[in-house]
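# predicted coordinates and the sequence they were generated for:
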Amino acid sequence: MEITKICCIGAGYVGGPTMAVIAQKCPHLKITVVDLNQERIDAWNDENTDNIPIFEPGLSSVVAETRGKNLFFSNDVEKAIEEAQIIFISVNTPTKTYGKGKGMAADLKYIELCARQIAKVAKDNKIVVEKSTLPVRTAEAIKSILDNTGNGVQFQILSNPEFLAEGTAISDLLNPDRILIGGDQTPEGQKAIQALVDIYANWVPQDKILTTNVWSSELSKLTANAFLAQRISSINALSELCEKTGADINEVARAIGMDTRIGSKFLKASVGFGGSCFKKDILNLVYIAKSYGLNETADYWEQVIIMNDHQKKRFADKIVKTLYNTVAGKKITFLGWAFKKDTNDTRESAAIYIADDLINEQAGICVYDPKVNQKKILADLDYLETRSAAENAKSTKSFENPYDACQGAHAIAVLTEWEEFVDYDWQRIYDAMQKPAFVFDGRNILNKTEMQKIGFVYQAIGS
Ligand code: UDX
Ligand code: UDX
Ligand code: ADP
């Protein structure tokens, strides 16, 4: 089968950047990204590529270069499926909020909808690629739906997990550590794998393209994220011990990171990891282990999440305790709401949980984030269903300017490591705050000595 057209279902943080880079590197392929969400598609098609719905360094210029040439964004899901020889599924798979596996298992209803739609529309053989993170053995479910509801055409299902991190998506896609493709071991399966290998081979060296069976590929994605998250929980667990003993977590991280067996990356102590993947994927791993009766394995990995929840909780507790055991009626300013720098994504951001705890203590929360607006902040808080939307709106206010956000504050909490925070005029901020002026640096990005020299009561993580 000659590959000329690709369709991607889901124009989100994964589908959008991935297809933009494939379009740039494969000018001979026509790529159509579809989404049910009309508003999102309209934003992708905005004349000014700075207004695309996802903020990601370098993305808007790749879109400007390819859009309308061989990259298209559309709401016509059926037409795009019908035309394409390869269909990527890049829809969201949030943790279930109802029924069996609530709070743990992945909700596959969007995936199933996609599979049914593909089956209904497809009039010739197709390769279907799982791009979203999916629990092991999802491919089997997709295959069963396709084979039983389709028009008698052949489907090959591949697993091609995404390893890009938000904030560095474009460089991760251009220079991946590896590309992983899992498929059936049958001759047809191998042909489908080769078709996808050929696409990536347009810019990725062959020795970085790994092929495996479907289940290994699916499980590798969960395992990679579990290992990365485990490093953060491990360093965060020790940050608490450092605070008690007088050791400094930055010094400890540096010392252990120089051991090449350990390595220096992903050892930054923080207020806790966030993002759409880590928690969800580990919960998924835990759920799968439990479903096979592997309780020790399940408990081992669940501890990574428990530790992360503890790290967030203890940060909020420390603020309350330091502010003389009450924050009622006090103004606490958050610098940063996104789950990490260089993204406008806020899913599972530590800031949400810390705000929620402090609002319970009747604090007033003021927020400045360079890429997140008030509407999103309130939606994140409302999603927790801790209190009414009206109460959240009464306790939370976002600002367009960091100096306005900090004006009159009792304390500042740094929750995202945006680089601009380091360069602020901290003397000016200090002068406009209530005294004593407290700073809780949840990302260890500010200079302790300088902050103390200005007069701040400065507390970092793990020292
Ligand atoms: C360890 C530390 O590596 C060393 O830095 C420290 O100074 C002393 O303790 P050691 O116990 O001698 O050294 O050996 P190490 O290579 O770390 O192996 C420890 C155990 O882990 C061995 O039983 C080894 O077989 C096992 N291991 C190691 C694995 O099972 N898998 C691995 O990938 C690595
Ligand atoms: C992650 C994986 O890295 C990526 O490979 C996978 O495809 C999707 O999930 P992402 O969630 O975008 O990517 O961001 P990542 O850089 O992994 O950070 C996750 C969270 O961990 C962030 O909240 C970040 O601030 C935090 N973190 C990261 C730390 O607290 N300390 C660190 O040392 C590194
Ligand atoms: P991710 O980080 O995995 O990319 P996002 O939530 O950013 O997650 O993107 C997933 C996108 O998939 C959303 O824009 C959503 O509207 C879209 N989507 C979900 N289900 C379907 C479907 N059946 N057909 C088309 N688009 C879908």
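Cool, the structure landed. Ligands and ions are numbered 1, 2, ... in the order given.
# hang on, isn't residue 426 packed against residue 448?
No - at 12.0 Å, residue 426 and residue 448 do not qualify as touching, with contact defined as Cβ atoms under 8 Å. Backbone N, C-alpha and C define where each C-beta goes, glycine included.
# neighbour count for those two, which is higher?
The neighbour count for residue 426 versus residue 448, taken as other Cβ atoms under 10 Å, is higher for residue 426 (22 against 16).
# residue 288 contacts residue 135, correct?
Yes - between residue 288 and residue 135 there is a contact under Cβ under 8 Å: 5.9 Å.
# so what sits against both of the two?
Among the neighbours of residue 288, those also in contact with residue 135 (Cβ atoms under 8 Å, 6 or more residues apart in numbering) are residue 222.
# any idea how far residue 33 lies from residue 178?
Relative to residue 178, residue 33 is positioned 24 Å away (Cβ to Cβ, to the nearest Å).
# how about the one residue in the stretch 301-450 of the chain that gets nearest to ligand 2: what's its closest non-neighbour residue?
Nearest residue of the stretch 301-450 of the chain to ligand 2, counting by Cβ to the nearest ligand atom: residue 340, 3.8 Å away. Using Cβ to Cβ, 6 or more residues apart in numbering and skipping the chain neighbours, the partner closest in space to residue 340 is residue 167 (5.6 Å).
# in this structure that neighbour contacts residue 339, no?
No - counting by Cβ under 8 Å, residue 167 does not reach residue 339; the two are 9.4 Å apart.
# higher neighbour count, the two?
Counting neighbours by other Cβ under 10 Å for residue 167 and for residue 339 shows that residue 339 has the greater number, 24 against 21.
# A strand includes that one, no?
No - under DSSP: H, G, I helix; E, B strand; the rest coil, residue 339 sits outside any strand and is assigned coil.
# pLDDT score for residue 436?
Looking at residue 436, its pLDDT reads 98.
# hang on, isn't it packed against residue 457?
Yes - in this structure, residue 436 is within contact of residue 457 by Cβ under 8 Å, at 5.1 Å.
# residue contacts, residue 377?
Listed by Cβ under 8 Å, 6+ apart, the contact partners of residue 377 are 337, 346, 367, 369, 396, 398.
# ugh, wrong one, residue 256
262, 267.
# how far does whichever helix or strand it is part of sit from the chain's center?
In this structure, residue 256 sits in helix 249-257 according to DSSP states H and E. From the chain centre to the centre of helix 249-257 is a distance of 26 Å (Cα atoms, centre = their mean, to the nearest Å).
# model confidence score at the residue lying closest to residue 81 once chain neighbours are set aside, please.
Nearest residue to residue 81 in three dimensions, chain neighbours excluded: residue 121, at 4.6 Å (Cβ to Cβ, 6+ apart). Predicted confidence (pLDDT) for residue 121: 94.
# now do the same for residue 165: helix, strand or coil?
Relying on three-state DSSP, one would call residue 165 coil.
# how about the helix holding residue 256 as CSV, C-alpha atoms only?
Extracted C-alpha coordinates of helix 249-257, given in CSV (Å, rounded to 0.1, in the frame of the first residue of the first chain):
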residue,chain,number,x,y,z
ILE,A,249,18.9,18.7,48.3
ASN,A,250,20.6,20.6,45.5
GLU,A,251,23.9,19.5,46.7
VAL,A,252,22.7,15.9,47.2
ALA,A,253,21.2,15.8,43.7
ARG,A,254,24.4,17.0,42.2
ALA,A,255,26.5,14.5,44.1
ILE,A,256,24.5,11.5,43.2
GLY,A,257,23.8,12.7,39.6
